[in-house]
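**Student:** one predicted model, sequence on top.
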Amino acid sequence: MSSQIETIPINEELIFDTLKNSVKKDALYVREILAKALELKGLNETEVATLASISDPDLLKELFDTARKVKEEIYGKRLVLFAPLYVSNLCKNECLYCAFRRSNTLVRRKALTQEEVRREVETLVDQGHKRILLVAGESYPVEGFDYVIHCIETIYSVKRGRGEIRRVNVNVAPLSLEEFKKLKSAKIGTYQLFQETYHRGTYQRVHLGGQKKDFDWRITAMDRAMKAGIDDVGVGILFGLYDWRFEILALMQHIKHLEDTFGVGPHTISVPRLEPAVGSDLASQPPYPVSDLDFRKIVAILRLTVPYTGIIMSTRETPNIRRETFALGVSQISAGSRTNPGGYTGNEAEDMSQFSLGDHRSLDEVIKDITQLGYIPSFCTACYRLGRTGADFMDLAKPGLIKNHCEVNALSTFAEYLEDYASEDTKQVGWTKIKEILNTMPETRKTRTEDMLARVKSGERDVYV
Ligand code: SAM
Ligand code: SF4
């Protein structure tokens, strides 16, 4: 018998029953759930379904307040920044919501050469980025999957002044065990893949061709990744394809499967909402549109359900929605993004882009904004390079130890950004914020952080604990 897992059964009936039985629970029960969430041990399916059903403004406010507290308790004020790098929009699949799907003739096709990848990375490094998320459609130039490996090698090889990319995360189609092993050897950070929808019927309706039609090949991808030794994996749902309440309960089943099988769940959850895409009617008219209020509920509920899992928010969303959800639980954000191959060195070409962006601001503008909102922008990549990944990361995170590391590393990488790349305005706002934070620290941590910041100021780079 093959050792490969063939599917992860999502129990749809159980989800529908849980949703049906959880509406109209009384306020007392909701408050008990919120009190339990503050213990940072997560929530069960009935509790999650109950929170998903609340609409009373007072209870909603309490939900959001609880999510804010949990976010603050575990992540403090830091927000990790990254940039997506679209290396290719070639694709042999037929996802009805995506501009890159094979039959869409409105998109100009392009796979970057290694020289073009290098130039894109130089631009990102010169903006101050340290983390890249490599993204590609499911079809590669002549060298096949090795194209992705070559792109990762190119990204890590770029050195510009004091800058470089220190962590490459990857969002590409599901791979075989052997290909995942290659990806692991290429020293990726997180392997990211969104199931899009856990509802099998909907999945089949919106994926009409190519390998992506195969729900089971996709849902078992994280098992193959973990077997290949990639223990930081990132899951996600494309919200708008099916009922979001169903999706988060199904996601819980997927997470439980990973925890039961590998002793650790996903490192991150992404929460993309369907955005308009060139040549896609489905993308402009989502079958299950998610309102802004429901979107905030999704982020808050996920924060309480899996408190130690990072939540990623992309520039699909507008600055306002992004600001609101940072407080509710988002821990990683992209900034200054382009979704067309070559978009950083060229223009944001609509006829090559995957979907429309909601936030068009530059990295520097986003950094200034989030600093003024009270956050610490972080480019930290320490955990991954010190081998604090998978279960080791969770062992540190759960007793709250990671927060101490994160805050000082966030400050040291923020200081690097301010010294090397920031505009005068952002520099001023940034150093004022750093001083403010130092003054709130206990004496020993303050001394250690001041020492790290002094090393950064004197020209040392990549200072972390
Ligand atoms: N091709 C690979 C795949 O499909 O998994 C990886 C890259 S794909 C470009 C990354 C993600 O973009 C998809 O998983 C999907 O969730 C998201 N996406 C596609 N079309 C979108 C749209 N119209 N709005 C928002 N996100 C979209
Ligand atoms: Fe291709 Fe991915 Fe777009 Fe589907 S979502 S068409 S697989 S790039």
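**Tutor:** It's in. Ligands and ions are numbered 1, 2, ... in the order given.
**Student:** report the mean per-residue pLDDT for the helix or strand Val429 falls within.
**Tutor:** Per DSSP states H and E: Val429 is located in helix 424-438. Helix 424-438 carries an average pLDDT of 97.
**Student:** output the contacting helices and strands for it.
**Tutor:** Packed against helix 424-438 by the contact rule (3 or more Cβ pairs under 8 Å, 6 or more residues apart in numbering; DSSP states H and E) you find helix 363-372, helix 401-420, helix 443-457. All C-beta atoms are positioned from the backbone trio N, CA, C, and that covers glycine.
**Student:** of these, which is nearest ligand 2?
**Tutor:** With Cβ to the nearest ligand atom as the criterion, ligand 2 lies closest to helix 363-372 of these, at 24.6 Å.
**Student:** buried residues in that closest one?
**Tutor:** Residues 363-371 are the ones in helix 363-372 that count as buried (16 or more other Cβ atoms under 10 Å).
**Student:** for stretch 37-51, same thing?
**Tutor:** Result for stretch 37-51 [16+ other Cβ under 10 Å]: buried residues 37, 42-43, 45-51.
**Student:** ok, the residue in the stretch 351-465 of the chain that ligand 1 sits nearest to to Tyr242 distance?
**Tutor:** Nearest residue of the stretch 351-465 of the chain to ligand 1 (Cβ to the nearest ligand atom) works out as Phe355 at 3.8 Å. Per Cβ to Cβ, to the nearest Å, Phe355 is found 18 Å from Tyr242.
**Student:** then Arg109?
**Tutor:** For Arg109, the distance to Tyr242 equals 30 Å [Cβ to Cβ].
**Student:** circling back to that earlier point, higher neighbour count, Phe355 and Tyr242?
**Tutor:** More neighbours surround Tyr242 than the other of Phe355 and Tyr242, with 23 against 20 (other Cβ atoms under 10 Å).
**Student:** what pLDDT, on average, does stretch 257-266 get?
**Tutor:** Over the span of stretch 257-266, the pLDDT mean works out to 96.
**Student:** can you show me the CA trace of that stretch as CSV?
**Tutor:** Presented in CSV, the C-alpha positions along stretch 257-266 are these (Å, rounded to 0.1, in the frame of the first residue of the first chain):
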residue,chain,number,x,y,z
HIS,A,257,-5.7,16.6,11.0
LEU,A,258,-2.2,18.2,10.7
GLU,A,259,-1.9,18.5,14.5
ASP,A,260,-2.9,14.9,15.0
THR,A,261,-0.6,13.6,12.3
PHE,A,262,2.5,15.8,12.7
GLY,A,263,2.2,17.3,16.1
VAL,A,264,1.9,20.9,14.7
GLY,A,265,-0.7,22.9,12.8
PRO,A,266,-0.1,25.6,10.2
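**Student:** what sits up against that stretch?
**Tutor:** 8, 222-223, 226, 231, 233-235, 255-256, 306, 309, 390-391, 394 (Cβ atoms under 8 Å, 6 or more residues apart in numbering).
**Student:** what's the closest non-adjacent residue to Ala397?
**Tutor:** Nearest non-adjacent residue to Ala397, counting by Cβ to Cβ, 6 or more residues apart in numbering: Tyr308, 4.7 Å away.
**Student:** could you verify that the one you found is part of a strand?
**Tutor:** No: remark: Tyr308 does not belong to a strand; assigned using DSSP: H, G, I helix; E, B strand; the rest coil, it is coil.
**Student:** and the gap between it and Met394?
**Tutor:** Distance, Tyr308 to Met394, using Cβ to Cβ: 6 Å.
**Student:** low-confidence stretches in the stretch 51-200 of the chain?
**Tutor:** Nowhere does the stretch 51-200 of the chain drop to pLDDT under 70.
**Student:** now the stretch 251-400 of the chain
**Tutor:** Counting by pLDDT under 70, the stretch 251-400 of the chain shows low-confidence ranges at 399-400.
**Student:** what about the residue of it found nearest ligand 2, how many neighbours?
**Tutor:** The minimum distance from the stretch 251-400 of the chain to ligand 2, using Cβ to the nearest ligand atom, falls at Gln354 (6.6 Å). Applying other Cβ under 10 Å, we find 24 residues neighbouring Gln354.
**Student:** wait, Tyr29 sits on Leu51?
**Tutor:** No: contact criterion Cβ atoms under 8 Å: Tyr29 and Leu51 do not qualify, at 10.3 Å.
**Student:** may I have the phi/psi pair for the residue lying closest to Leu40 once chain neighbours are set aside?
**Tutor:** In space, and not counting its chain neighbours, Leu40 is closest to Pro307: 4.8 Å by Cβ to Cβ, 6+ apart. Backbone torsions for Pro307, taken as degrees, to the nearest 10, come to phi -60, psi -30.
**Student:** wouldn't Pro307 be in contact with Gly42 here?
**Tutor:** Yes: the pair Pro307 / Gly42 is scored as a contact, 6.4 Å apart, by Cβ under 8 Å.
**Student:** quick revisit: and which of the buried residues of stretch 37-51 is nearest to Lys213?
**Tutor:** Glu45 (28.7 Å; Cβ to Cβ).
**Student:** from Thr197, how far out is the closest one?
**Tutor:** With the distance defined as Cβ to Cβ, Glu45 ends up 18 Å from Thr197.
**Student:** repeat that for Lys182.
**Tutor:** To Thr197, Lys182 is 29 Å away according to Cβ to Cβ.
**Student:** I'd say Arg166 and Leu386 touch.
**Tutor:** No: judged on Cβ under 8 Å, Arg166 makes no contact with Leu386 at a distance of 12.0 Å.
**Student:** more neighbours: those two, which one.
**Tutor:** Taking neighbours as other Cβ under 10 Å, Arg166 and Leu386 compare with Arg166 leading, 20 against 13.
**Student:** what residues are up against the nearest residue to the more buried one once chain neighbours are set aside?
**Tutor:** Leaving aside its sequence neighbours, Arg166 sits nearest to Thr381 (Cβ to Cβ, 6+ apart; 4.0 Å). Going by Cβ under 8 Å, 6+ apart, Thr381 touches 130-131, 166-167, 189.
**Student:** and Arg448, how many neighbours does it have?
**Tutor:** Count around Arg448 with other Cβ under 10 Å applied: 14.
**Student:** same thing with the one 10 residues further on?
**Tutor:** Residues contacting Ser458 under the criterion other Cβ under 10 Å number 7.
**Student:** adjust the sequence numbering to begin at 47 for everything that follows.
**Tutor:** Sounds good: first residue 47 from here, last item Ser504.
**Student:** tell me how far the closest residue to Arg114 other than its chain neighbours lies from Glu118.
**Tutor:** Excluding the flanking residues, the one nearest Arg114 by Cβ to Cβ, 6+ apart is Ala373, at 5.3 Å. Per Cβ to Cβ, Ala373 is found 9 Å from Glu118.
**Student:** check Glu52 too.
**Tutor:** Using Cβ to Cβ, one gets 42 Å for the distance from Glu52 to Glu118.
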